[in-house]
Structure formats: C-alpha cells, structure tokens
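K.L.:
Any chance you could fold what I've pasted below:
(chains A, B, C and D, ligands or ions: 4)
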Protein chains: 2
Amino acid sequence: MPDTAIPAACAFADHDHAACSAAGLAQAEALCAAQGARLTPVRRRTLEILLEAHRALGAYEVLERLRSDGFGGQPPVAYRALEFLEAMGLVHRIRRLNAFAACMRPGEAHQALFLICRRCEALAEAPGGRVRAAVEAAAAETGFAVERASLEATGLCPACRAEAP
Amino acid sequence: MPDTAIPAACAFADHDHAACSAAGLAQAEALCAAQGARLTPVRRRTLEILLEAHRALGAYEVLERLRSDGFGGQPPVAYRALEFLEAMGLVHRIRRLNAFAACMRPGEAHQALFLICRRCEALAEAPGGRVRAAVEAAAAETGFAVERASLEATGLCPACRAEAP
DNA sequence: TCTTGACACGTTACAGGATAACATCCTAGA
DNA sequence: TCTAGGATGTTATCCTGTAACGTGTCAAGA
Ligand SMILES: [Zn+2]
Ligand SMILES: [Zn+2]
Ligand SMILES: [Zn+2]
Ligand SMILES: [Zn+2]
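P.N.:
Ligands and ions are numbered 1, 2, ... in the order given. The predicted structure follows:
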C-alpha cells in the first residue's frame, strides 16, 4: 500500500484544517444525539480519522489507524463504523475509489457530486442538486424511480490544470 | 456465486434479444475495423457474452464462461478483454455493481446514465447528456475540468414499482 | 433484583475483485 | 524471412468486502 504519494486535500480551496475537522466532529455529536444514535468510540474515532486525513481513505487504511489506536484490527470493525457513519450522513462512499470521505455538509440533506482529480487525487464535494434533478428527469422518462444516485467525475482540479501539460 | 436469482433484462422495455445482440456484434466489428483495432476471438466472445447475458456481469462471471468456451481461465484474460472493449466504447463498467455491461449505443459518443433496480437488478442505460451538462456546470464553479463522469442511480424500475410494496 | 433482549464490538474464516510480472505466441510490416 | 509489437496465457499475490459466531454492555420490564 503506497502510504506515500498522497498529497491531496479534500477541497480545492485552502482552508483551516483543524477548524473544519473540529466542526465536523461537533456536528456529528449533535446529529447523533438528535437522532438517538450512539457515536461510540470506534465510530467517533473513525470519523476523526477521515476528517483529519481530509481526503478519501480506503477501508483498510482506516482500519490500520484504528488498530494502532487500540481498536479491533479486523475488517468488519472498520466497515461497520463506516456504514454507520454513512447511514448517518456523516461520511460518503466513493465507489470509483473504493474509498470513504467525511461529508463536508453533514446535517444538510444534500446530493453529493464528487470531483476527483486524476493527477493529485484531490477530492471535492460539490453540491449536486441540479445534477440530481437532471438524473430524476432522465429516469422519469423510462418510469424509473430514483432513490439514490452516485455522481462521480474525474478530471483535473484547478491547480493541476495550471501545472499539468 | 448465486447463478440463480438473476432475472433482469438490460433495458426496461421488452425487445428482440437476438436482434439487438447481433446488431451489437456487427457494430463492434465495424467500429474496430474503422479504428484499426483487432476484435480478436476472446474480445469478440467477451462482448458476445455480455450481449447475450443482457445484464451486467462481474468479471469473474465473464471469465467462467470464457473458460468453458476454451479460452484462458485466469482473471487477467477477462479483465484485459473487458478493458479493451471499454476503451473502444463497446462496454461500460458499472462501479456500483463491480460489473460490466455491453453498451446500448456503441459508436455514438454519449454519456451513459445507469439506472439500477434494487429489487430485480435490471439495468438500463439512459441518455445522460443533460446530466453530464449539469455536472460540468457544477464543476466549472470550482474550476474543475471534467473528463469522465460515472452516473449511476439505484431505485425501482417500472415493473418493480408496480409490484413492490 | 433478576431476566432478557437489543446492540455494539471483536474475531475467524472466507468470498470476491483486481493486478503485477513473466513466458509464449501470433502477426503485420520491413 | 526476420523482427518488433501486440495479444494470450499463467502464476502469484494483493486489495476489498462479508458471513457467521461469540462476548460484553446496558436498559426495560418481570
Ligand atoms: Zn456530503
Ligand atoms: Zn489536482
Ligand atoms: Zn453506452
Ligand atoms: Zn425492478
């Protein structure tokens, strides 16, 4: 596993790492409390890991960090925590990358649209409301009822567009 | 592997199986010829398999059939054929399903939008032009240049909508 | 207080998906 | 004919994901 070679930030714009990480955690607390769900230590730590990394992590990368924090080191531990967080809308799964990333807008109901830079692996979560509407319109023509949509685009982020050939 | 329990057609509307399968193969021939690419026996058979199945197949399902047809029985054989076909625009990869499906509109440049029924596993390829445009518009706001987009929706197909609770 | 059931956590074991690396073969073009 | 590139085949291994089962915890209800 190439633990190196992963620069990538989670949004294209610069911003206060620590702040957005802390805010994410606080919102998670609030959200879970509001819904009577339990943000247990493993779950909490899993979210923290994703917030700190500030990019998409594979389940096994998360697992490795959980293990070194003294939590169970077997795959189901990570997958269960990630599933819980996804169900709570705190984490998104990015299928194209077989990876998970902390949500940038927890609490707000929203359709995410992921922009993945193929050069620096940066990942941004853009608002996908319009796109979602277009999907539903297209689906409606065949009578299909959309429940969930995964919208993932690859290309070049602003920085790489400038640098790259 | 549950070889049973997979009814699913590749489009929601009924249509002439054999005809669309043959047509697909013919178009593939033409397309490869036009581009000087070689539609070799494995590649051809792989496409045939997907056209006949008329639904999304995992690489290992394809592989199994290739093997029983006397072709190489190791994963790379299937993956290479599938990659080639995808590059030629004859096959799409559906990441949500870890599977591949024959393209319904080979030759025409198009953005595919996949509609996946969660109940009967039917898969339809809808025209995604509008959706793609919406994706690009959203991406443009952050300066991101979209190269490829995977658009996959899950929900209920018309038939299952009627039957299901 | 004692049961009992729901839920989280942990582990084992395995299934399923994908690729790196190397050997062989075929085929188009010099 | 010779040769370089592409296509196939094989081995081995890695990454991703899940089924199944046991244990501990906590709170509601007997
Ligand atoms: Zn989000
Ligand atoms: Zn970039
Ligand atoms: Zn298509
Ligand atoms: Zn259906």
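
K.L.:
Give me the distance from stretch A:143-160 to the chain's centre.
P.N.:
Distance of stretch A:143-160 from the chain centroid (CA atoms, centre = their mean, to the nearest Å) equals 13 Å.

K.L.:
Likewise for stretch A:136-149?
P.N.:
24 Å.

K.L.:
pLDDT averaged over it, what's the number?
P.N.:
In this model, stretch A:136-149 has an average pLDDT of 96.

K.L.:
got it, and stretch A:85-96?
P.N.:
Rounded mean pLDDT across stretch A:85-96 is 96.

K.L.:
just stretch A:28-35 next, same as before
P.N.:
On average, stretch A:28-35 scores 93.

K.L.:
Which strand residues bridge residue A:116?
P.N.:
Judged by DSSP bridges, the bridge partners of residue A:116 are residue A:123, residue A:154.

K.L.:
Thought residue A:152 was touching it, still the case?
P.N.:
Yes - with contacts counted by CB atoms under 8 Å, residue A:116 reaches residue A:152, the gap being 6.5 Å. (C-beta placed from N, C-alpha, C; glycine too.)

K.L.:
Report the contact partners of residue A:161.
P.N.:
B:143, B:145 (CB atoms under 8 Å, 6 or more residues apart in numbering or on different chains).

K.L.:
ok so, going back, and for residue A:116 and residue A:152, which residues touch both?
P.N.:
A:94, A:96.

K.L.:
tell me the contacts of the residue nearest the centre of chain A?
P.N.:
Most central in chain A under CA atoms, centre = their mean is residue A:101, positioned 2.1 Å from the mean C-alpha point. By CB under 8 Å, 6+ apart, residue A:101 lies in contact with A:10, A:50, A:55, A:56, A:57, A:91, A:92, A:94, A:123, A:125.

K.L.:
do residue A:98 as well
P.N.:
Applying CB under 8 Å, 6+ apart, we find residue A:98 in contact with A:58, A:59.

K.L.:
Bridging across strands, which residues link to the residue nearest to the centre of chain A?
P.N.:
residue A:92.

K.L.:
Wait, a strand at residue A:152?
P.N.:
Yes - assessed with DSSP: H, G, I helix; E, B strand; the rest coil, residue A:152 lies in a strand.

K.L.:
For residue A:94, see how far away it is.
P.N.:
Using CB to CB, to the nearest Å, residue A:152 is found at 6 Å from residue A:94.

K.L.:
Mind listing the shared neighbours of those two?
P.N.:
A:114, A:116.

K.L.:
These two - which one has more neighbours?
P.N.:
Between residue A:152 and residue A:94, counting by other CB atoms under 10 Å in any protein chain shown, residue A:152 is the more crowded of the two (23 against 19).

K.L.:
Near residue A:18, how many other residues are there?
P.N.:
Neighbours of residue A:18 using other CB under 10 Å come to 9.

K.L.:
Okay, and it sits in which element?
P.N.:
helix A:17-35 (DSSP states H and E).

K.L.:
Close to DNA strand D: what parts of chain A are there?
P.N.:
Within reach of DNA strand D by CB under 7 Å from any atom of the strand, chain A has these residues: A:1, A:58, A:59, A:60, A:61, A:74, A:75, A:76, A:79, A:98, A:99.

K.L.:
Most neighbours among those residues, which one?
P.N.:
residue A:99 (22 neighbours).

K.L.:
pLDDT value on the closest residue to that one other than its chain neighbours, please?
P.N.:
Nearest in space to residue A:99, with sequence neighbours left out and distances taken as CB to CB, 6 or more residues apart in numbering or on different chains, is residue A:56 at 3.7 Å. On the pLDDT scale, residue A:56 is placed at 95.

K.L.:
phi, psi of residue A:56?
P.N.:
Backbone torsions of residue A:56, given as degrees, to the nearest 10, read phi -80, psi 130.

K.L.:
okay, now the residue of chain A found nearest ligand 3: neighbour count?
P.N.:
Here the residue of chain A nearest ligand 3 is residue A:138; by CB to the ion that distance is 13.7 Å. Using other CB under 10 Å, residue A:138 is surrounded by 21 other residues.

K.L.:
Next up, the contacts around the residue nearest to it when sequence neighbours are not counted.
P.N.:
Of all residues not flanking residue A:138 in the chain, residue B:126 sits nearest, at 5.0 Å (CB to CB, 6+ apart). Contacts for residue B:126 (CB under 8 Å, 6+ apart) come out as A:138, A:139, A:141, A:142, A:144, B:112, B:113, B:114, B:115.

K.L.:
So residue B:126 lies in a strand, does it not?
P.N.:
Yes - judged by three-state DSSP, residue B:126 forms part of a strand.
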